[in-house]
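Asks: Sequence first, predicted model second:
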Amino acid sequence: MLDMVQLTELTEALEQAIFNKDIEEIQRLCMEKGDFIFSLKPQKNDIQTNQKIKHFIHIHQSATQLVQSAHRAMQNQLFQSTQTRKGVSQYKGVKHAE
């Protein structure tokens, strides 16, 4: 049986975390509630429940995209700092200039 209270609370918590752009909270919620999230299945004769599940799926996809974009930004920053370090290590300095 689907726990509608838990679904509603999780949806609201994810919406708030997305609004605040709180990546750690999104990851914590998804890790803690992972079993519940993967157990969600459409109900055969309950349109209202299916609408709530669809809304949650949309929110979860938004949260996933936010986490992925943050991950890409961090990878880009790491790449840039690595490139900067390589450039600094190759620089000989003023004393070696002609």
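Replies: All right, it came through fine. Numbering: from 1, shown residues only.

Asks: Run through the helices of this protein in chain order.
Replies: In the chain, the helices defined using DSSP state H lie at 4-20, 23-32, 34-39, 47-90.

Asks: show me the contacts for the most centrally placed residue in the chain.
Replies: With distances taken as CA atoms, centre = their mean, residue 67 lies nearest the centre of the chain, 2.4 Å away. Counting by CB atoms under 8 Å, 6 or more residues apart in numbering, residue 67 makes contact with 23, 26, 27. For glycine as for every other residue, the C-beta is placed from the backbone atoms N, C-alpha and C.

Asks: which of these has the most neighbours?
Replies: Neighbour counts for those peak at residue 26, which has 23 neighbours (criterion: other CB atoms under 10 Å).

Asks: Need the pLDDT of that residue.
Replies: pLDDT for residue 26: 93.

Asks: is it true that it touches residue 66?
Replies: Yes: here residue 26 reaches residue 66: they are 6.7 Å apart, a contact under CB atoms under 8 Å.

Asks: Need the overlap of contacts for the two.
Replies: The contact sets of residue 26 and residue 66 overlap at residue 18 (CB under 8 Å, 6+ apart).

Asks: how about residue 45, phi and psi?
Replies: Dihedral pair for residue 45: phi -120, psi 20, per degrees, to the nearest 10.
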